[in-house]
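Dropping a prediction and its sequence here:
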Amino acid sequence: MADPLPHHARRSIRPSSVSRLATSLLAPNPGPMTLDGTNSYVLRAPGARGAVVVDPGPLDEGHLERLAAFGPIELVLLTHHHGDHRDGLVRFAQLTGAPVRAIDPAFCIDAAPLVDGERITAAGLEIDVLATPGHTADSACFLLAGDAPHGSMLTGDTILGRGTTIIADPDGALGPYLESLQRLRAVGRGSGGHVAVLPGHGPVLRDLGDICDEYIAHRAERLDQVRAVLASLGADPADPSTVSRVVDTVYAETPAAVRPAAEASVRAQLAYLRAHG
């Protein structure tokens, strides 16, 4: 993804404690698709010697070295395969010697792929794995149920700290994404309190259940807009030219830099409508 800052202009970004168990280190890769940059997370229980890193981020030596300094790193987890989250993965594994686990075996290093529903024990923590396909086929979220006061969920790009995420056809799919949001909402509602959202981009959010409600409502509104455009244009959702016509109307104010992402999102919406009516 785009990085508007030349290498010499990148600044050291201080780590920020975002919960009792998590520290965030912002990667120096801001851009239209990455907001302020990618959030890399360091997880450890109080008093634990080792740490778990979630999403090492881009291949930026300074950023990776700052992450490695939290070591020893026991384990690296990946929320999904997009480059702004995993381009630094191999280099970070070299720096730390830590195994890497992801849903997709292609991105695992010296470790088995993640399994939906498994509980990982590392750095004094219990981390529950939730497969949450939709943004990508290999998207995963990680629940820290023991994080005070009611737990926290690391969501990668499935939920962002600002705005909404892109569902980019063909790797992304709207049907699985809506199911993933329903699943995350159930976790938030079943916690007995506010589960914090630790997103891959943007600030921490207070309530997982509420943000899932907002995301689901937003997707329903977008689908209604697309249906209305299709009806007004008499357009065939299976016609490739329909994508551009829908973007021109529904995403009329989208900057040129992110229009390809809007087109990919519309393709996913049209595919969903073809499947669901």
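Great, that's in hand. Residues are numbered from 1 along each chain as shown.

can you give me the helices for the stretch 1-150 of the chain?
61-68, 83-86, 89-96 (DSSP state H, counting those that start in this stretch).

right, so of those, which gets closest to residue 160?
Shortest separation from residue 160 across these is recorded for helix 83-86, at 12.4 Å, computed as C-beta to C-beta. C-beta: built from backbone N, CA, C; applies to glycine.

what does that closest one rub up against?
Helix 83-86 is contacted by residues 1, 27, 29, 33-34, 38, 55-58, 78-80, 102, 107, 156-157, 200 when judged by C-beta atoms under 8 Å, 6 or more residues apart in numbering.

Most tightly packed of the helices of the stretch 1-150 of the chain?
Most buried of the helices of the stretch 1-150 of the chain, by mean neighbour count (mean count of other C-beta atoms under 10 Å): helix 83-86, with a mean of 22.

What are the boundaries of the strands in the stretch 101-250 of the chain?
All strands of the stretch 101-250 of the chain, identified by DSSP state E, counting those that start in this stretch, fall at 119-122, 125-131, 140-144, 152-156, 196-199.

Please identify which of these is closest to residue 244.
Checked against C-beta to C-beta, the stretch from those lying closest is strand 152-156, at 29.3 Å.

And the closest one, what does it pack against?
The contact analysis (3 or more C-beta pairs under 8 Å, 6 or more residues apart in numbering; DSSP states H and E) places strand 152-156 against strand 140-144, helix 174-189, strand 196-199.

Make CSV from the ones you listed and add distance to residue 223 to it.
Converted to CSV, those look like this (distance: least, C-beta to C-beta, whole Å):
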stretch, distance to residue 223
strand 140-144, 23
helix 174-189, 8
strand 196-199, 23
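
Which of the ones you listed sits closest to residue 209?
Comparing the helices and strands packed on strand 152-156 under C-beta to C-beta, the one sitting nearest is helix 174-189, at 3.2 Å.

Which secondary structure elements does the lowest-mean-pLDDT helix or strand in the chain sit against?
The helix or strand of the chain with the poorest confidence is strand 16-17; it has a mean of 90 (mean pLDDT, DSSP states H and E). The elements that strand 16-17 packs onto, with contact taken as 3+ C-beta pairs under 8 Å, 6+ apart, are strand 22-26.
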